[in-house]
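> fold the following for me, if possible:
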Amino acid sequence: MGGMQARRLSIADCFEFTPRVFPDHRGLFVAPFQEEAFVEAVGHRLRLAQTNTSVSRRGSVRGLHFADTPPGQAKYVYCPSGSLLDVIVDLRVGSPTFGEWTSVLLDSTEYKSVYIAEGLGHAFMALEDDTVMTYLCSEPYNPAAEHAVNPMDTDLALPWPQDIEPIVSEKDTAAPYLKEALEQGTLPRYDECVAYYEKLRAEG
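Reported below is the predicted structural model:
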(Lines give C-alpha, C1' and ligand atoms only; values in the text may rest on other atoms or scores of the structure.)
Protein backbone atom coordinates (compact mmCIF):
# COMPACT_ATOMS: atom_id res chain seq x y z
CA MET A 1 0.00 0.00 0.00
CA GLY A 2 2.55 2.60 1.22
CA GLY A 3 2.76 6.17 0.01
CA MET A 4 1.18 7.69 3.13
CA GLN A 5 2.41 11.25 3.69
CA ALA A 6 2.45 12.57 7.28
CA ARG A 7 2.57 16.27 8.12
CA ARG A 8 2.97 17.80 11.58
CA LEU A 9 0.42 20.58 12.08
CA SER A 10 1.10 23.96 13.73
CA ILE A 11 -0.21 22.71 17.09
CA ALA A 12 2.02 20.07 18.68
CA ASP A 13 0.64 16.51 18.85
CA CYS A 14 -1.71 16.70 15.89
CA PHE A 15 -0.89 15.40 12.44
CA GLU A 16 -2.36 15.28 8.94
CA PHE A 17 -2.06 12.05 6.92
CA THR A 18 -2.52 11.90 3.14
CA PRO A 19 -2.83 8.41 1.62
CA ARG A 20 -2.42 7.30 -1.98
CA VAL A 21 -5.75 6.90 -3.77
CA PHE A 22 -6.07 4.10 -6.35
CA PRO A 23 -8.81 4.82 -8.91
CA ASP A 24 -9.87 2.38 -11.62
CA HIS A 25 -12.88 1.69 -13.84
CA ARG A 26 -14.84 0.35 -10.83
CA GLY A 27 -14.28 3.38 -8.60
CA LEU A 28 -11.39 3.72 -6.17
CA PHE A 29 -9.58 2.14 -3.25
CA VAL A 30 -7.84 3.97 -0.40
CA ALA A 31 -6.41 3.10 3.04
CA PRO A 32 -7.03 6.16 5.25
CA PHE A 33 -5.27 4.65 8.28
CA GLN A 34 -1.91 2.91 8.01
CA GLU A 35 -0.24 1.91 11.26
CA GLU A 36 3.37 2.11 10.11
CA ALA A 37 3.03 5.75 9.01
CA PHE A 38 1.06 6.58 12.16
CA VAL A 39 3.64 5.12 14.57
CA GLU A 40 6.49 6.79 12.70
CA ALA A 41 4.80 10.21 13.08
CA VAL A 42 3.20 9.93 16.52
CA GLY A 43 5.62 7.60 18.31
CA HIS A 44 3.12 5.02 19.55
CA ARG A 45 0.34 2.83 18.19
CA LEU A 46 -3.23 4.04 17.90
CA ARG A 47 -5.31 2.46 20.64
CA LEU A 48 -8.76 1.72 19.29
CA ALA A 49 -11.67 1.49 21.72
CA GLN A 50 -14.54 2.82 19.61
CA THR A 51 -15.37 3.91 16.07
CA ASN A 52 -17.97 6.61 15.41
CA THR A 53 -19.75 7.78 12.27
CA SER A 54 -21.66 11.04 11.88
CA VAL A 55 -23.74 12.20 8.91
CA SER A 56 -24.28 15.95 8.72
CA ARG A 57 -26.26 18.52 6.78
CA ARG A 58 -24.41 21.41 5.12
CA GLY A 59 -23.49 23.95 7.78
CA SER A 60 -23.68 21.51 10.69
CA VAL A 61 -21.05 22.26 13.31
CA ARG A 62 -20.04 19.51 15.74
CA GLY A 63 -17.78 20.58 18.60
CA LEU A 64 -15.77 22.09 20.09
CA HIS A 65 -15.31 18.93 22.18
CA PHE A 66 -12.62 17.63 24.51
CA ALA A 67 -12.34 15.11 27.35
CA ASP A 68 -10.69 15.03 30.79
CA THR A 69 -7.06 14.02 30.27
CA PRO A 70 -5.70 11.56 31.23
CA PRO A 71 -6.95 9.39 29.70
CA GLY A 72 -8.82 11.84 27.45
CA GLN A 73 -9.83 10.62 24.01
CA ALA A 74 -7.48 10.79 21.03
CA LYS A 75 -9.21 10.80 17.64
CA TYR A 76 -8.14 9.81 14.15
CA VAL A 77 -10.72 11.26 11.75
CA TYR A 78 -11.43 11.27 8.02
CA CYS A 79 -14.29 12.05 5.65
CA PRO A 80 -15.36 9.10 3.45
CA SER A 81 -18.19 11.06 1.77
CA GLY A 82 -18.73 14.77 1.21
CA SER A 83 -16.42 17.47 2.59
CA LEU A 84 -15.82 19.28 5.85
CA LEU A 85 -13.58 21.82 7.51
CA ASP A 86 -11.84 20.13 10.44
CA VAL A 87 -10.60 22.41 13.22
CA ILE A 88 -8.26 21.58 16.10
CA VAL A 89 -7.89 23.97 19.04
CA ASP A 90 -5.18 23.80 21.69
CA LEU A 91 -7.14 23.79 24.97
CA ARG A 92 -4.20 22.57 27.11
CA VAL A 93 -3.54 25.16 29.81
CA GLY A 94 0.17 26.00 29.83
CA SER A 95 0.78 24.98 26.20
CA PRO A 96 2.87 27.40 24.10
CA THR A 97 0.00 27.41 21.57
CA PHE A 98 -2.90 27.58 24.08
CA GLY A 99 -6.00 29.09 22.45
CA GLU A 100 -4.62 28.74 18.92
CA TRP A 101 -6.31 26.71 16.17
CA THR A 102 -5.35 24.96 12.98
CA SER A 103 -7.62 23.57 10.26
CA VAL A 104 -7.60 20.96 7.49
CA LEU A 105 -10.06 20.38 4.65
CA LEU A 106 -11.16 16.74 4.75
CA ASP A 107 -13.04 15.29 1.79
CA SER A 108 -13.73 12.19 -0.27
CA THR A 109 -11.31 13.23 -3.03
CA GLU A 110 -7.99 13.16 -1.17
CA TYR A 111 -9.13 11.13 1.90
CA LYS A 112 -6.83 13.04 4.22
CA SER A 113 -6.99 12.12 7.92
CA VAL A 114 -6.20 14.11 11.03
CA TYR A 115 -4.91 12.77 14.35
CA ILE A 116 -5.96 14.82 17.38
CA ALA A 117 -4.09 13.88 20.57
CA GLU A 118 -5.69 13.72 24.01
CA GLY A 119 -6.47 17.13 25.51
CA LEU A 120 -6.92 18.99 22.22
CA GLY A 121 -10.29 20.41 21.19
CA HIS A 122 -11.97 19.18 18.01
CA ALA A 123 -14.73 20.64 15.86
CA PHE A 124 -15.83 20.59 12.24
CA MET A 125 -18.34 22.09 9.83
CA ALA A 126 -19.94 20.05 7.04
CA LEU A 127 -19.52 21.88 3.72
CA GLU A 128 -22.18 19.86 1.88
CA ASP A 129 -25.24 17.76 2.66
CA ASP A 130 -24.79 14.12 3.70
CA THR A 131 -21.18 14.67 4.76
CA VAL A 132 -19.87 11.62 6.59
CA MET A 133 -17.18 11.73 9.27
CA THR A 134 -15.49 8.59 10.57
CA TYR A 135 -13.72 8.70 13.93
CA LEU A 136 -11.31 6.13 15.37
CA CYS A 137 -11.24 6.79 19.12
CA SER A 138 -8.64 5.72 21.69
CA GLU A 139 -11.14 5.52 24.55
CA PRO A 140 -14.86 4.67 24.76
CA TYR A 141 -17.34 7.53 25.05
CA ASN A 142 -17.53 8.66 28.68
CA PRO A 143 -20.27 11.30 29.12
CA ALA A 144 -19.04 12.33 32.58
CA ALA A 145 -15.59 13.22 31.21
CA GLU A 146 -16.79 14.97 28.02
CA HIS A 147 -16.79 18.77 27.81
CA ALA A 148 -17.32 21.47 25.21
CA VAL A 149 -16.31 25.03 24.39
CA ASN A 150 -18.69 27.15 22.33
CA PRO A 151 -17.60 26.77 18.67
CA MET A 152 -18.78 30.33 17.97
CA ASP A 153 -16.53 31.84 20.68
CA THR A 154 -15.58 35.24 19.22
CA ASP A 155 -12.20 35.23 21.02
CA LEU A 156 -11.25 31.94 19.35
CA ALA A 157 -12.59 33.20 15.99
CA LEU A 158 -12.61 29.77 14.38
CA PRO A 159 -12.41 29.83 10.55
CA TRP A 160 -16.01 28.89 9.73
CA PRO A 161 -16.94 29.86 6.15
CA GLN A 162 -18.88 33.13 6.13
CA ASP A 163 -21.18 32.03 3.29
CA ILE A 164 -22.61 29.01 5.18
CA GLU A 165 -25.20 29.41 7.94
CA PRO A 166 -23.97 27.38 10.93
CA ILE A 167 -26.26 24.73 12.47
CA VAL A 168 -25.17 24.16 16.08
CA SER A 169 -26.71 21.84 18.69
CA GLU A 170 -28.38 23.33 21.77
CA LYS A 171 -25.73 21.66 23.92
CA ASP A 172 -22.82 23.24 22.03
CA THR A 173 -24.58 26.63 21.87
CA ALA A 174 -24.89 26.52 25.67
CA ALA A 175 -21.22 25.57 26.15
CA PRO A 176 -18.94 28.13 27.83
CA TYR A 177 -16.55 30.33 25.94
CA LEU A 178 -12.85 29.50 26.33
CA LYS A 179 -12.35 32.26 28.93
CA GLU A 180 -15.19 30.86 31.06
CA ALA A 181 -13.94 27.27 30.72
CA LEU A 182 -10.50 28.45 31.86
CA GLU A 183 -12.04 30.13 34.93
CA GLN A 184 -14.14 27.02 35.66
CA GLY A 185 -10.99 24.85 35.68
CA THR A 186 -12.37 22.23 33.27
CA LEU A 187 -9.61 22.49 30.65
CA PRO A 188 -6.79 19.91 30.41
CA ARG A 189 -3.33 20.83 31.72
CA TYR A 190 -0.50 20.76 29.20
CA ASP A 191 2.03 19.17 31.58
CA GLU A 192 -0.37 16.33 32.41
CA CYS A 193 -1.10 15.77 28.70
CA VAL A 194 2.61 15.67 27.81
CA ALA A 195 3.31 13.22 30.64
CA TYR A 196 0.51 11.02 29.31
CA TYR A 197 1.88 11.14 25.73
CA GLU A 198 5.32 10.14 27.07
CA LYS A 199 3.75 7.23 28.95
CA LEU A 200 2.05 6.04 25.73
CA ARG A 201 5.34 6.24 23.80
CA ALA A 202 7.17 4.33 26.55
CA GLU A 203 4.54 1.59 26.32
CA GLY A 204 5.04 1.54 22.55
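> C-alpha from now on. contacts and neighbour counts both.
Will do.
> helices of the chain, start to end?
Under the criterion DSSP state H, the chain carries helices at the ranges 35-42, 170-173, 178-184, 190-203.
> now render those as TSV, adding mean neighbour count.
Shown next, in TSV, are the helices of the chain (neighbours: other C-alpha atoms under 10 Å):
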stretch	mean neighbour count
helix 35-42	15
helix 170-173	14
helix 178-184	14
helix 190-203	15
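> figure out which of those is closest to Gly94.
The closest of these to Gly94 is helix 190-203. By C-alpha to C-alpha, the value is 5.3 Å.
> quick one: that closest one to helix 35-42, angle?
If you take axes from the mean of the first three to the mean of the last three C-alpha atoms, to 10 degrees, helix 190-203 sits at 140 degrees to helix 35-42.
> among the helices of the chain, which comes closest to Leu120?
Nearest to Leu120 among these is helix 190-203; the distance by C-alpha to C-alpha comes to 9.3 Å.
> what does the closest one contact?
The contact list for helix 190-203 (C-alpha atoms under 8 Å, 6 or more residues apart in numbering) reads 43-44, 69-71, 92-95, 118-119.
> kindly report the same for stretch 129-144.
Outside stretch 129-144, the residues that touch it by C-alpha under 8 Å, 6+ apart are 46-58, 71-84.
> averaged pLDDT, it. What do you get?
Mean pLDDT, stretch 129-144: 97.
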